[in-house]
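K.L.:
no sequence on this one, just coordinates:
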């Protein structure tokens, strides 16, 4: 039943409007940034161009992207009392589980592609086209290292894959938290915006406390601070996971109070 | 009397049980191991040692504390809580608050032998070591296995360290138990406190190894050893302060433990976002004031200016940027919270009452305009008050900017007002068009991107123009014109939308 429902949900999610929206996110955001950095910067390696491409615009849109990929459609179903009427043909828990899984998968996929496609383009395709002028590496050249640059020693592709996965896992966690909050909160606006608030408030608080290496911004998109050991990125992530697990338990236990 | 004697006898029997013997043996063998290490060290370096080396090291040993003391204490604590949480006892005591204190007493009766035994073995281990009341040279030298060298700087005599460690241990162990007991009262879930104790244990065992000294205050183990505390805080007082501070908070919380808090929570629920928001603003201003303490001639106006300096296309700093986001976009978020209620729920009824969209619009817009003015005044007075509290120079001139003060004040109030009004207009337009307040969040994200360096190069996009840093490159009157024009355009759009609307 669940697998069947998953297929149904997937079909329902893939409307032309949604597909265009996702493709727009994946294509336009990196392109705008790439367009602005193609001149005026000094690059030695394609990896640097990639890091510059996914920084600044995507990081500040990140929580908004995570909550806008699939959740608005779920919000519509909730607002228009659609979900109550599905109970005649499917158990509520199966329906919601399938919604949650599709939300996680689609958010994960879109954010993965959002990072990975620019990576493939910049590192493998662009050098053949030659839009960016690379400065030859001499002994004065300093190629900056950021967190996750540790993985570059295993090859560019591993770096690209692991980093894209990391961003998409974070997006999945943010989106799932918002999804659960939608189930329990009676104010959908607050429920959807809490991941957004969490992201920005924690950025501010870690900045004030002088521990910017633990800010969500610098752990998901570590291009604004110097290289940190890899364990630092797990600190805000663990906090998120704890919140997620707590919410899961809370949602499971209070099935009667779901705001459906 | 007889019964009392019987009780004491029974208690003593329990204390001198096989359990304590086993624990004593663990302490003994650990002590012997440490003793060998000290002797070896001292022999290799040719530095004399004395009895306090072994006593204090055994009392402060992190491995012993993390892997033995904390698990044992947690075990006793959870056992006491689960055994004591009995409805008959609760009826006898009458309140949860009294129960928490009662269980603390029982817990200490169960675990006092552990601490006493530990202290006793530590003192017992000094047999065979040269005796002295002073620090040994081995304690004073800095090397890998010595944990005491920082302590020597703060304590005159080793015996005071011994007493300090015992007091700290008693306080932190009591605190741990009271926290667990309070949580149990609140949740009534065995698994919850078990999970909590697992987190304390894992946090401690991972924390004391991995965390660097700057953030070691996060690890619970730091508060179980005075030596570790001194290494972390570079002062013995702070460990006590933290433990006592949390203790005072818990004791205060215990006073309201029995009160039915749901009613109060419901009544203050709507003020929580505003409370958090002002808390964040105050934190931001305090951190700015704190960073300005280093410069001698900083005035209270500088604190105000530096706090709301914001960012421009050419002058960008992450912290100022984040604080701008928190202050202004946080305010817009709160406005949106209000608007989402106004538009999505109340809107139609109110529109019917006012019979005119414009009247309806101004009915709440008027209130928001007053709120903006009050908000800007609050921000300024908050920053000035905080600056005075930090002991800044209380004269009204600016050292951080070349502009005269009246220009800055004009910019902060007039341009700030216009800027926030523009934000509200745009948020309203988006919510009105999409009927979906979440799109306002997307709008705020787009605003954030427009404020990033290099985007708003000619200050033509009306986003973030109330940052004080703009005064360095632009005249405030130019910014006013831009904002005024943009506001006029936005208002025309609102007007047009109302005309277009067939919604009523």
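P.N.:
Perfect, thanks for sending it. Just so we're clear, the structure is a prediction, and the values are computed from it rather than from any experiment.
K.L.:
mind checking pLDDT for the residue in the stretch 1-150 of chain A that chain B sits nearest to?
P.N.:
For the stretch 1-150 of chain A, the residue closest to chain B is residue A:64, as judged by C-beta to the nearest C-beta, at 4.0 Å. Using the backbone N, CA and C atoms, a C-beta is placed for each residue, glycine as well. We note a pLDDT of 90 for residue A:64 in this prediction.
K.L.:
and the helix or strand containing it, what does it pack onto?
P.N.:
Assigned by DSSP states H and E, residue A:64 belongs to helix A:57-68. Helices and strands touching helix A:57-68, by 3 or more C-beta pairs under 8 Å, 6 or more residues apart in numbering or on different chains; DSSP states H and E, are helix A:16-37, helix A:92-120, helix A:156-184, helix A:188-209, helix A:216-220, helix B:438-450.
K.L.:
quick one: mean pLDDT over the very next helix or strand once past the first one.
P.N.:
For helix A:16-37, the succeeding helix or strand toward the C-terminus, using DSSP H and E, is helix A:46-53. Predicted confidence along helix A:46-53 averages 87 (mean pLDDT).
K.L.:
you'd agree residue B:459 is in a helix?
P.N.:
No: with DSSP: H, G, I helix; E, B strand; the rest coil as the criterion, residue B:459 is located in coil rather than a helix.
K.L.:
so it versus residue B:308, what's the distance?
P.N.:
Going from residue B:459 to residue B:308 by C-beta to C-beta, to the nearest Å gives 17 Å.
K.L.:
which of those two has more residues huddled nearby?
P.N.:
residue B:308 (27 against 18; other C-beta atoms under 10 Å in any protein chain shown).
K.L.:
I figured that one hits residue B:411, correct?
P.N.:
No: using C-beta atoms under 8 Å, residue B:308 is not in contact with residue B:411, being 9.9 Å away.
K.L.:
what's around the residue of the stretch 1-150 of chain A closest to chain B, how many residues?
P.N.:
24.
K.L.:
equivalent analysis for residue A:237, please.
P.N.:
18.
K.L.:
which element is it on?
P.N.:
Going by DSSP H and E, residue A:237 is in helix A:234-253.
K.L.:
low-confidence stretches in the chain?
P.N.:
Since you didn't name a chain, this refers to chain A. Scanning chain A for pLDDT under 70 picks out the ranges A:259-260.
K.L.:
nope, chain B please
P.N.:
Using pLDDT under 70, chain B drops low at B:1, B:15, B:213-214, B:437, B:502-504.
K.L.:
care to break it down by domain?
P.N.:
B:2-259, B:291-503 (automatic domain parsing).
K.L.:
output the ones you listed as a markdown table; include the columns distance to residue A:58.
P.N.:
Shown next, in a markdown table, are these (distance: least, C-beta to C-beta, whole Å):
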| stretch | distance to residue A:58 |
| --- | --- |
| domain B:2-259 | 28 |
| domain B:291-503 | 10 |
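K.L.:
contact residues of chain A facing chain B?
P.N.:
A:36, A:56-57, A:60-61, A:63-64, A:67-68, A:72, A:75, A:187-190, A:192-193, A:196-197, A:200-201, A:203-205, A:207-208, A:211-212, A:224, A:231 (C-beta under 8 Å from any C-beta of the partner chain).
K.L.:
and these, which are buried?
P.N.:
A:36, A:56-57, A:60-61, A:63-64, A:67-68, A:72, A:75, A:187-190, A:192-193, A:196-197, A:200-201, A:203-205, A:207-208, A:212 (16 or more other C-beta atoms under 10 Å in any protein chain shown).
K.L.:
on that earlier part again, mind putting the domains of chain B into JSON lines with distance to chain A?
P.N.:
Shown next, in JSON lines, are those (distance: least, C-beta to the nearest C-beta, whole Å):
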{"stretch": "domain B:2-259", "distance to chain A": "7"}
{"stretch": "domain B:291-503", "distance to chain A": "4"}
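K.L.:
phi and psi next, for residue A:134.
P.N.:
phi -90, psi 130 (degrees, to the nearest 10).
K.L.:
neighbours of the closest residue to it other than its chain neighbours, how many?
P.N.:
Leaving out its chain neighbours, the residue that sits closest to residue A:134 by C-beta to C-beta, 6 or more residues apart in numbering or on different chains is residue A:43, at 5.5 Å. Look at residue A:43: counted by other C-beta under 10 Å, it has 18 neighbours.
K.L.:
residue A:43 touches residue A:131, doesn't it?
P.N.:
No: under the criterion of C-beta under 8 Å, residue A:43 makes no contact with residue A:131, lying 11.1 Å away.
K.L.:
which elements pack onto the longest helix belonging to chain B?
P.N.:
With secondary structure taken from DSSP state H, chain B has its longest helix at helix B:357-389. When contacts are defined as 3+ C-beta pairs under 8 Å, 6+ apart, helix B:357-389 sits against helix B:272-292, helix B:300-307, helix B:330-340, helix B:347-354, helix B:416-434, helix B:476-500.
K.L.:
quick check: angle from the fourth one to helix B:416-434?
P.N.:
Same thing as helix B:347-354. Comparing the axes of helix B:347-354 and helix B:416-434 via axes from the mean of the first three to the mean of the last three C-alpha atoms, to 10 degrees yields an angle of 110 degrees.
K.L.:
helix B:347-354 vs helix B:330-340, what angle?
P.N.:
Using the same axes, to 10 degrees: helix B:347-354 against helix B:330-340 is 70 degrees.
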